[in-house]
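**Student:** got a predicted structure here, sequence first:
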Amino acid sequence: MNECDEQDLIEAAQAGSADAFADLVRKYRVRLLRFLMTRCASHADAEDALQDTLVASYRYLKSYDPRWRFSTWLYRIAIRNAHKMRRDNVVEFGDLHDEDSDPLLQCIASSETENLWVSARRVLNDEVFAATWLRYAEDMSINDISQALDRSTSWTKVNLLRARKALESELNGQRPGAEAYG
């Protein structure tokens, strides 16, 4: 789906077309769920946050500002819902010890990439991990990540660089410096 098609769907959904909104949901549902699984304590929590995100996006669709990419607007809503869910459940990623129920391990394949994301979650703080995921797993631009995380582009660039250095050190068996944690 190109940008024009997406904008047409957004405009149709804003005008009340449930089919157009369903098409938008189909486009972003899997990506949003995969991202939310990295932010929530369980698969069920990620699905709940996804549903809350989709409901909120439908409810507030008329407030969407086309100056920003639609995906950035959706991820911003998803981040807020995941944060609210984590705050409500008071669960930190570090408290997840059961690999069978670890949502991150459920959403990525067994490969060297798995080791990278597991290491990233262990080494990086939540916001820097989210920025890293959005950049390298979702292929979002620096500007879109900054908008989604409500951070400056400078913060995003610096913390992505620090994240890469921290992960390189971690994967090479070295202890990264405190600056790498964001």
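**Tutor:** Perfect, thanks for sending it. Numbers count the residues shown, from 1 in each chain.

**Student:** so, low pLDDT: which residues of the chain?
**Tutor:** For the chain, the stretches with pLDDT under 70 are 1-4, 86-115, 174-182.

**Student:** so where do the helices sit in it?
**Tutor:** With DSSP state H, the ranges of helices along the chain come out as 3-14, 18-39, 43-59, 70-89, 103-107, 112-123, 126-136, 142-149, 153-171.

**Student:** could you dump these into a markdown table and include mean neighbour count?
**Tutor:** Placement of C-beta: from N, CA and C, glycine included. What follows is the helices of the chain, written out as a markdown table (neighbours: other C-beta atoms under 10 Å):
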| stretch | mean neighbour count |
| --- | --- |
| helix 3-14 | 15 |
| helix 18-39 | 18 |
| helix 43-59 | 18 |
| helix 70-89 | 19 |
| helix 103-107 | 19 |
| helix 112-123 | 16 |
| helix 126-136 | 21 |
| helix 142-149 | 20 |
| helix 153-171 | 17 |
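
**Student:** and this protein, split by domain according to the record?
**Tutor:** Structural domains assigned to the chain are 1-107, 109-182, following automatic domain parsing.
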